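Undergrad: I need the structure of the sequence given here:
(one chain, ligands or ions: 1)
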Amino acid sequence: MMDRRRLAGTDLDMSVISYGPMRAPQSRDDPAVAQHQHALLAAIDRGVNVIHSSYEYGVRWLMTPVLRSHPKRHDLLHVIKAPVPDWDDGGFDPAKLEAIIDDALRELCTDRIALVQWMWRCRPHEEAPRVSLLADIGEAVTACFARLRTAGKVAHMGCFPYFPRSAEAALDMPGNRALIAYYNPIEMEMLPVIRAAAARDQGFMAIRPLYEGVLTSRYSDHAALPADHRLAKPKYAACFDHRARLAALVPEAGQDMTRFAIRFPLLLDSCASVIVGLNSEAQVAEICDHAQGVAPDAATIARVKQLHDDITQAEG
Ligand SMILES: NC(=O)c1ccc[n+]([C@@H]2O[C@H](COP(=O)([O-])OP(=O)(O)OC[C@H]3O[C@@H](n4cnc5c(N)ncnc54)[C@H](OP(=O)(O)O)[C@@H]3O)[C@@H](O)[C@H]2O)c1
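TA: Numbering: from 1, shown residues only. As a prediction, the model looks like this:
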């Protein structure tokens, strides 16, 4: 059975791999529907007990029939995105948050959301207005989550804060239990806040460990990707350069990038689980195998962070 870790400050024992469905088909006519449903089933069979989802992905319709009758349905921990306020909402609306949760409870066939990944959005999408908006709405958000917990709809609240200063500000919210953020060798901006969260007994979940597929053993050369591949876009070229330097620096990354990248967030003691896009049974099997038996390793984190900082500084 898959390794589990406790999300700090909660009673949630999470499989180290969380299933992420963002790239599942939105259309019922897509020939890949059954393949994705089999991937979800395979993940649960392998011991994945954390399911990440969002109404924004438009894919829950595909998950519902798998979850409705699944014998492990009551053991699953659902983590859902809840962006309230959304970009142009202006303020916080507790009724909107509750409606998002009620929809998720129904679509995911569960009685309780284990962890709400709360997000606040505004324009411009920058630190100063975000921190200022949080100061305005924080108390109302906290009160709303307290009510939803009492009603039994939600167990815990976590936060996806986009940027480090916003993340630091969110650590001060009463009731906030977790930081949920992008974290992989190419995206390490949150590392100081992840550590600050741990010092306050708040947990961490890492999103997109493979940098959308760049950090895998499948492709090492951006120029060699098929022209119609989603990673062939010019914006990924610099990420493949970073990948090459990582492979040269860390022997484990050079040997098997997929394995190294999946294990990398788990080198942090406080990382309870890694949210990965899993699109086939074969991906589920490989990723679940790779994630077993990871021990904390501060020295490797430091080397990868140094490379990250060197590249970020050179990019200016
Ligand atoms: N703001 C947010 O809350 C937010 C934002 C983004 C993502 N997410 C969540 O995080 C999840 C993961 O994000 P992501 O898919 O962008 O990033 P990711 O997990 O870093 O990358 C997943 C991609 O890597 C490839 N892959 C998976 N297993 C593989 C294997 N064994 N070997 C080779 N390639 C493999 C797959 O690509 P192919 O299938 O194309 O081969 C897959 O789509 C999403 O599903 C979603 O749940 C949340």
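Undergrad: List of residues touching stretch 91-109?
TA: Contacts made with stretch 91-109 from outside it, assessed by C-beta atoms under 8 Å, 6 or more residues apart in numbering, are listed as 51, 53, 55, 60-61, 63-64, 67-68, 73, 78, 80, 82, 84-85, 89, 111-113, 116, 118, 120, 136-137, 140-141, 143-144, 147-148, 153-154. Any C-beta I mention is one placed from the backbone N, CA and C, and that applies to glycine too.
Undergrad: what's the spacing between that stretch and its chain's center?
TA: 19 Å (C-alpha atoms, centre = their mean, to the nearest Å).
Undergrad: Please apply the same query to stretch 149-163.
TA: Distance, centroid of stretch 149-163 to centroid of chain: 14 Å (C-alpha atoms, centre = their mean).
Undergrad: for stretch 120-139, same thing?
TA: Worked out by C-alpha atoms, centre = their mean, stretch 120-139 lies 21 Å from the chain centre.
Undergrad: now do stretch 261-268
TA: 13 Å.
Undergrad: measure it end to end?
TA: For stretch 261-268, the separation between the terminal residues is 13 Å (C-alpha to C-alpha, to the nearest Å).
Undergrad: returning to that earlier point: within reach of the ligand, which of the contacts of stretch 91-109 are there?
TA: Contacts with the ligand are made by none of these, judged by C-beta under 6 Å from any ligand atom.
Undergrad: number of nearby residues for whichever residue of the stretch 201-316 of the chain sits closest to the ligand?
TA: Closest contact between the stretch 201-316 of the chain and the ligand, by C-beta to the nearest ligand atom, is at G277 (2.5 Å). Burial of G277 is recorded as 20 neighbouring residues (other C-beta atoms under 10 Å).
Undergrad: Could you do P25 as well?
TA: Neighbours of P25 (other C-beta under 10 Å): 19.
Undergrad: thinking it is in contact with A34, fair?
TA: No. Here P25 does not reach A34: they are 10.0 Å apart, not a contact under C-beta atoms under 8 Å.
Undergrad: about what we covered before: quickly list what the residue of the stretch 201-316 of the chain closest to the ligand is bridged to.
TA: Beta-bridge partners of G277, counted by DSSP bridges, are G20.
Undergrad: Now do the contacts for it.
TA: Per C-beta under 8 Å, 6+ apart, neighbours of G277: 20-23, 208, 210, 212-213.
Undergrad: do G47 as well
TA: 1-2, 15, 288.
Undergrad: Ok, A206 next?
TA: By C-beta under 8 Å, 6+ apart, the neighbours of A206 are 181-184, 265, 271, 273-275.
Undergrad: strands paired with the strand or helix carrying F204, and their directions?
TA: Taking DSSP states H and E as the criterion, F204 maps to strand 203-207. Strand pairing for strand 203-207, determined by DSSP bridges: strand 176-182 (parallel), strand 271-277 (parallel).
Undergrad: Can you name the element that comes right after it?
TA: Of the helices and strands lying after strand 203-207 in sequence (DSSP H and E), the nearest is helix 237-249.
Undergrad: how about that next one against the ligand, any contact?
TA: No. Applying C-beta under 6 Å from any ligand atom, one finds helix 237-249 out of contact with the ligand, separated by at least 11.1 Å.
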